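*Asks:* any chance you can model this:
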Amino acid sequence: MKKAIIFLYGILAYVVFLASFLYAIGFVGNFIVPKSIDSGEASGMTISIVINLVLLSLFAIQHSVMARPSFKKKWTKIIPESIERSTFVLLTSLLLFLIFWKWQPMTTQVWNVEGETYVLIINIIFWIGWVIVLLSTFMINHFHLFGLDQVYNKLISKPPTGLKFKEHFFYKFVRHPIMTGFIIAFWATPDMTQGHLLFAVVTTLYIIVAVKYLEERDLRNELGDAYVSYQKRVPMLFPFLKFGKKE
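*Replies:* Model prediction:
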C-alpha cells in the first residue's frame with residue numbers, strides 16, 4: 001500500500017508539472033491561457049515590479065535550495081528518498097502557478113516588430129526554444145528528471161538508479177540546453193512589454209548565476225575530471241561562444 005501511494009504521488013507530481021509546463025508556454029506567449037504575462041488588471045509600476053520580483057525570487061530560492069545535494073541529504077531524512085525528486089517537481093510547479101496567478105502585467109511596449117514575415121520568424125524561434133527544452137529532458141532521462149523513475153523503482157522494489165553523464169545531441173553543443181531553450185523562449189516575442197522584459201531579464205540572470213555557480217559546482221563534485229574536461233570543450237549555454245567555458 002505504501003509503495004502504491006508513493007507511486008501515485010509521483011504520478012500526481014508529474015501531472016502538475018506537465019500542466020505548469022504547458023501553461024508556461026501560453027503564459028509567456030500570450031495565448032490560450034486565461035492569465036498571461038501581459039493580461040490582467042494592471043497595478044502601479046512600483047508595486048508591480050516589487051510583486052513580480054518577489055514572485056521570481058520565491059521561485060529562485062526554492063529551486064536553488066532544494067536542488068542542492070546538501071539539502072537533499074537532510075531532506076531525505078524527513079521524507080522517503082523515492083519521493084524527493086517528485087516533491088521538488090511538485091513544489092516547483094506550484095510556485096510556477098503562483099507566478100502565473102499573481103503576476104502583475106506591465107503592458108507598456110518596449111518593442112513591437114511589424115511585418116508578417118518577421119513576426120512569423122520570431123514565433124518560430126519561440127517554439128524552437130520550447131522544443132529544445134522538452135527534447136533536452138529526454139536526451140538525459142526525462143522520467144528520472146521529473147521523479148517517475150524513482151517512484152516506479154520503489155513500486156517494483158528495484159534499487160534506485162541515478163542519472164548517467166551523457167554527451168550527445170544538444171549536449172555536444174552546450175552543457176545546459178534545457179536552460180538555453182528557456183532563454184530563447186523567454187526572449188523571442190514580437191511584442192516585448194516592460195513586464196515581459198522584466199521576466200526575461202530576471203530569469204536569464206538567474207539561469208546564468210544558478211548554473212555557473214551552483215549547478216556546475218555540484219556536477220564537478222559528482223562527476224569529477226570527466227565534467228571538468230567537458231567544461232573545457234563545450235560552452236555552458238550558447239553554442240560556438242567561449243562564454244562559460246572553463247579555461
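
*Asks:* going by C-alpha atoms from here, please, whenever you check contacts or count neighbours.
*Replies:* Noted.

*Asks:* which helices and strands sit right next to the longest helix along the chain?
*Replies:* Across the chain, the longest stretch assigned as helix under DSSP state H is helix 2-29. Counting contacts by 3 or more C-alpha pairs under 8 Å, 6 or more residues apart in numbering; DSSP states H and E, helix 2-29 packs against helix 84-102, helix 148-155.

*Asks:* figure out which of those is closest to L198.
*Replies:* Nearest of those to L198, taken as C-alpha to C-alpha: helix 84-102 at 13.2 Å.

*Asks:* which SSE is immediately downstream of that closest one?
*Replies:* Next along the chain after helix 84-102, taking DSSP states H and E as the criterion, comes strand 109-112.

*Asks:* which stretches of this protein have low pLDDT?
*Replies:* For the chain, the stretches with pLDDT under 70 are 242-247.

*Asks:* show me where it has its strands.
*Replies:* Counting by DSSP state E, the segments of the chain that form strands are 109-112, 191-193.

*Asks:* can I get these in JSON lines including distance to D218?
*Replies:* Formatted as JSON lines, those follow (distance: least, C-alpha to C-alpha, whole Å):
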{"stretch": "strand 109-112", "distance to D218": "38"}
{"stretch": "strand 191-193", "distance to D218": "35"}
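
*Asks:* quick revisit: just how off-centre is the longest helix of the chain within its chain?
*Replies:* 14 Å (C-alpha atoms, centre = their mean, to the nearest Å).

*Asks:* ok, now stretch 102-110?
*Replies:* From the chain centre to the centre of stretch 102-110 is a distance of 21 Å (C-alpha atoms, centre = their mean).

*Asks:* what are the contacting residues of stretch 228-247?
*Replies:* Contact partners of stretch 228-247, identified using C-alpha atoms under 8 Å, 6 or more residues apart in numbering, comprise 172-177, 179-180, 212, 220.

*Asks:* closest one of those to Y9?
*Replies:* Of the contacts of stretch 228-247, the one sitting nearest to Y9 (C-alpha to C-alpha) turns out to be M179, at 26.7 Å.

*Asks:* tell me the most buried of the strands of the chain?
*Replies:* Of all the strands of the chain, strand 191-193 carries the top mean neighbour count, a mean of 19, counting by mean count of other C-alpha atoms under 10 Å.

*Asks:* pretty sure S48 sits against Q104.
*Replies:* Yes. Counting by C-alpha atoms under 8 Å, Q104 is a contact partner of S48 at 5.2 Å.

*Asks:* in contact with V54, which residues?
*Replies:* Contacts of V54 by C-alpha under 8 Å, 6+ apart: none found.

*Asks:* re earlier: can I get the helices and strands packed on helix 2-29 in CSV with mean neighbour count and distance to A200?
*Replies:* Below are the helices and strands packed on helix 2-29 laid out as CSV (neighbours: other C-alpha atoms under 10 Å; distance: least, C-alpha to C-alpha, whole Å):
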stretch, mean neighbour count, distance to A200
helix 84-102, 20, 14
helix 148-155, 22, 30
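
*Asks:* can I get those helices in a markdown table including distance to R68?
*Replies:* Below are the helices and strands packed on helix 2-29 laid out as a markdown table (distance: least, C-alpha to C-alpha, whole Å):
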| stretch | distance to R68 |
| --- | --- |
| helix 84-102 | 11 |
| helix 148-155 | 18 |
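
*Asks:* just want to know which of S48 and Q104 has more residues nearby.
*Replies:* Neighbour count, other C-alpha atoms under 10 Å: between S48 and Q104, Q104 has more, with 26 against 18.

*Asks:* can you tell me how far that one is from T92?
*Replies:* Q104 sits 20 Å away from T92, going by C-alpha to C-alpha, to the nearest Å.

*Asks:* could I get the phi/psi values of the residue lying closest to V28 once chain neighbours are set aside?
*Replies:* Leaving aside its sequence neighbours, V28 sits nearest to I37 (C-alpha to C-alpha, 6 or more residues apart in numbering; 5.7 Å). Main-chain torsions, I37, degrees, to the nearest 10: phi -60, psi -20.
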